Structures are given as structure tokens and as C-alpha cells.
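> sequence and predicted structure are below.
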Amino acid sequence: MEGITDTYLLPDAAILHIENSATYSWKIQSIDKYGATTESPTWVFATNNTNGLPGLIYGYIRDNVTGLPISGATVSINSTNRATTAASGAYLFLNTPGSYSVKATKSGYSDKSVTLTFTPGKVVASDFSLAGTAPVYYNVSFNSNGGSAVTNQSVAYNETAAVPTAPTKTGYSFAGWYSNSSLTSVFAFSTAITTDTTLYAN
């Protein structure tokens, strides 16, 4: 209508449904108070967002036996784009949208690869569990509380320590091994070792 102008913005819902690499058409229709209609020509536009938002992938790399984070591991995309895990085992990647082979590597562990999809402007979480190429060992030490020395043991993760020869001390009889220095908790040698451990003679 001559002499009257107005501005109309697309609602957010409509904008969210506009896709990349697509063609759209639109026109304006006016209706006066008597019901007469007037239409504009149809305009056509195409979307071609060649510099779109990257995709983001993050996650954690952990030891598949202990569950502990692996720091200093390398995460690479198609053997080129790389990131190094922090002390927490965390990594983070921004990359061009698409599907890629993502590999996690660390000396002393077997490599692991997965195919992940980077979606424009979206965040995807993907954790890795790496298997060590050699067993993880923990130290089991024996505090004889003034008795004869007892040799420490190196025990593989989730295995059990061997019952050592009992220590001796003049004027005392040996009453077993305890897991705390206050000698209130008897240690069972059927207990799986999952960390460095000190046992105390009673």
C-alpha cells in the first residue's frame, strides 16, 4: 500500500529451520480491510555457508584397568590435527564438520581408534579407555614395628600379595598383619591390590 511501510522479521523458529546448501523462495501478500489482496513478485535465495561453524568433540582418556586419567596422550584426527590430554586426561577438538577417524595413543598403551562425526555448532562427548601393553604393578611394604625386616613385594593390579615369613622380635610373639598403623584392622591376604599398600605387624 503506497505510503505505508512495515518491517517483518522471521521468527526464531523459522530461522532455525533454514538449512545450508538449500534454496528458498518468499513473497509478500497484503490484504486490505475489504479483503482485496495484492502480492509481490516471488524472490528466491540460496544458502551456501562455506565458512560454517566447526564441530566440537571433547572427552577423557583413562586406563582401562585402573580407571585413572592418562595425561600426555595424543588424540589425532586423520593423523594430522592433534591434541594432547591434560593431567585430568581431558582433550578438546574443533574441526570442520564431517566424519573422521579419531585415534588416541600413548606410550605403554595400545592405540585405539573410533569414527566420530563433527556436527556444525554442536558438542559431542567421546571418552577413550586405553589398555596398557604391560601389567601395572603396585608396591606392598611391610612395617615390622621394630621386628626383623620383611621384604617388600611388587604385586600386579588386582592380584593378591603373598603371605610373608612372620617377623620376629625378642620378647614378643607375632599376631598378624594389619592395614592401619593403629592395629585395629586385620589385613586379609585375599584382598586384591589396587594401589601401593603398607601393612603393619602386630
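Okay, I see it. Owing to the predicted nature of the structure, the values given are computational and were not obtained by experimental measurement.
> the nearest residue to residue 93 once chain neighbours are set aside sits in which helix or strand?
Among residues not flanking residue 93 along the chain, residue 57 sits closest, at 4.8 Å (CB to CB, 6 or more residues apart in numbering). In this view, the C-beta of every residue, glycine as well, is placed from N, C-alpha and C. Here residue 57 sits within strand 55-63, counting by DSSP states H and E.
> run the chain-centre distance for that strand.
4 Å (CA atoms, centre = their mean, to the nearest Å).
> so who does the residue of the chain positioned farthest from its centre touch?
Note on the chain: the largest C-alpha distance from the chain mean falls to residue 34, namely 64.4 Å (CA atoms, centre = their mean). By CB atoms under 8 Å, 6 or more residues apart in numbering, the contact set of residue 34 is empty.
> just to revisit the earlier point, what comes into contact with whatever helix or strand comes next after the strand holding residue 57?
For strand 55-63, the following helix or strand on the C-terminal side (DSSP H and E) is strand 74-77. Strand 74-77 has contacts (CB under 8 Å, 6+ apart) with 61, 82-85, 91, 93, 95, 100-106, 128.
> strand 74-77 pairs with which strands, and in what direction?
Here strand 74-77 is paired, per DSSP bridges, with strand 81-84 (antiparallel), strand 98-105 (antiparallel).
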